[in-house]
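Colleague: After the sequence you'll find the predicted model.
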Amino acid sequence: MRGSEFADLRAFVAIVEEGNFSRAAARLRISPSTLSQTIRQLEARIGVQLLNRTTRSTALTEAGQRLFDRFKPALGEMEAALGEVRNLPGRPAGTVRLVLPRLALATLVEPHLGDFYQQFPDITLELGINDAMIDIVGDGFDIGITLGELVEKDMIAVKLGPDLRQVAVASPDYLAQHGRPHTPADLLGHNCINWRKPGSNKIYNWEFNDDGRWFNVAVNGALIVSHRDTALQAAAQGAGIAFAYWSSQWMQPLIDAGKLVPLLESYSPDFPGWYVYYARQHHTPPAVRAVIDFLRAANRCDDPA
């Protein structure tokens with residue numbers, strides 16, 4: 001079947017079913033004159049007259065009747081097949097590349113990997129673990145997870161999980177030897193475990209809030225790490241004061257075990273946490289959309305996206 005022949009044959013069937021050109025044209029959302037021209041071109045192409053037309057009536061010729069009898073069932077089958085395909089939920093397939101920090105992996109992704117592959121066995125999920133902020137498009141990733149404040153304005157971002165909180169912590173032994181800081185400024189007199197974001201030359205300044213005003217403290221210490229879970233382990237061993245997210249994976253077990261003590265909590269309010277983000281595009285691939293929707297459902301929060 002070439003070019004517009006399928007559309008022309010559908011128009012022919014519509015005329016026969018409706019009984020006249022006007023009703024068929026309305027059904028097809030074209031003008032009667034356009035429909036009349038379509039049928040004339042179809043008849044010219046196949047070399048036979050299909051309809052006897054007068055100003056008052058439209059009737060099938062013998063050739064037209066034979067064509068209608070043979071083509072109408074085939075048309076019904078084709079339309080039914082298209083309808084089934086459109087209504088199938090489908091099984092998204094393909095490779096999706098996701099880049100995210102180690103803490104986001106531990107909190108938002110690792111606990112749900114089994115459920116994900118029960119639902120989407122045909123998706124290959126490639127996880128890139130990177131605490132640095134990268135260009136997901138330039139580096140070939142489909143989606144990323146990072147803190148909301150770090151998402152570029154030209155990206156679409158969806159919130160995952162609850163708000164986060166960063167707190168200073170130290171071991172009971174360290175506090176017994178060096179005393180407890182009571183304000184962020186007191187940290188300048190302590191051995192603090194610094195953190196340098198991978199890919200950055202700058203040491204991270206610890207962030208605190210006093211009566212709605214955020215401010216930074218550039219602390220000093222004899223240890224610099226690139227992963228905050230390492231800082232927590234060092235602090236639990238008495239190496240100094242660490243500053244990290246109060247996470248159920250890394251910090252909470254050490255607090256529950258009495259190895260770490262939270263400090264300066266009144267200066268450490270919650271702030272918007274993790275977001276999954278991706279580039280704006282006309283059509284998001286089904287596999288990418290499936291991963292985003294799954295992460296959002298698995299890490300529901302009450303805050304708006």
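Modeller: Thanks, I have it. Numbering: from 1, shown residues only.
Colleague: Grab the nearest non-local neighbour of residue 236.
Modeller: Excluding the flanking residues, the one nearest residue 236 by Cβ to Cβ, 6 or more residues apart in numbering is residue 259, at 4.1 Å. Placement of C-beta: from N, CA and C, glycine included.
Colleague: Setting the sequence-adjacent residues aside, check what's closest to residue 228.
Modeller: residue 244 (4.1 Å).
Colleague: er, residue 268 I mean
Modeller: Here the residue nearest residue 268, using Cβ to Cβ, 6+ apart, is residue 167, at 4.6 Å.
Colleague: Assign the one you found to helix, strand or coil.
Modeller: strand (DSSP: H, G, I helix; E, B strand; the rest coil).
Colleague: phi, psi of the residue nearest to residue 102 when sequence neighbours are not counted?
Modeller: Spatially, and ignoring its direct neighbours in sequence, residue 102 is nearest to residue 129 (5.6 Å; Cβ to Cβ, 6+ apart). Main-chain dihedrals, residue 129, degrees, to the nearest 10: phi -90, psi 110.
Colleague: thinking again about what came up before, just give me the neighbour total for the residue nearest to residue 268.
Modeller: Other residues within reach of residue 167, judged by other Cβ atoms under 10 Å, total 19.
Colleague: Please name the strands paired to whatever helix or strand residue 277 lives in in the sheet, noting orientation.
Modeller: Residue 277 is located in strand 274-279, with elements delineated by DSSP states H and E. According to DSSP bridges, strand 274-279 forms sheet pairs with strand 143-147 (antiparallel), strand 155-159 (antiparallel).
Colleague: Reformat those as TSV; add mean neighbour count and mean pLDDT.
Modeller: Listed next are these as TSV, based on neighbours: other Cβ atoms under 10 Å; pLDDT from 0 to 100:
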stretch	mean neighbour count	mean pLDDT
strand 143-147	23	93
strand 155-159	18	91
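Colleague: Quick check: which of these is nearest to residue 63?
Modeller: strand 155-159 (56.1 Å; Cβ to Cβ).
Colleague: in the sheet, who's paired with residue 203?
Modeller: Applying DSSP bridges, one finds that residue 203 bridges with residue 196.
Colleague: hang on, the earlier thing: is it true that the residue nearest to residue 236 touches residue 173?
Modeller: No - contact criterion Cβ atoms under 8 Å: residue 259 and residue 173 do not qualify, at 9.4 Å.
Colleague: more crowded one of these two?
Modeller: Set side by side, residue 259 and residue 173 show more neighbours around residue 259, with 18 against 12, by other Cβ under 10 Å.
Colleague: what bits of the stretch 1-150 of the chain have low per-residue confidence?
Modeller: 1-4, 55, 80-90 (pLDDT under 70).
Colleague: Spell out the residue ranges of the strands in it.
Modeller: Under the criterion DSSP state E, counting those that start in this stretch, the stretch 1-150 of the chain carries strands at the ranges 51-53, 58-60, 94-100, 123-129, 143-147.
Colleague: Paired strands for the first one, with orientation please.
Modeller: Meaning strand 51-53. strand 58-60 (antiparallel).
Colleague: Show me how far the strand it pairs with is from its chain's centre.
Modeller: 55 Å (Cα atoms, centre = their mean, to the nearest Å).
Colleague: Could you do stretch 120-133 as well?
Modeller: 12 Å.
Colleague: go on, stretch 284-301?
Modeller: On Cα atoms, centre = their mean, the centre of stretch 284-301 falls 5 Å from that of its chain.
Colleague: what is the rounded mean pLDDT of that stretch?
Modeller: The pLDDT scores in stretch 284-301 average 89.
Colleague: before we move on, what about stretch 235-250?
Modeller: 92.
Colleague: now the end-to-end length of it.
Modeller: Distance between the two ends of stretch 235-250: 12 Å, counting by Cα to Cα, to the nearest Å.
Colleague: Tell me which residues are up against that stretch.
Modeller: 103, 106-107, 164-171, 173-174, 177, 181, 187, 190-193, 195, 206, 219, 221-223, 228-229, 231-232, 234, 251-252, 254, 259-260, 262-263 (Cβ atoms under 8 Å, 6 or more residues apart in numbering).
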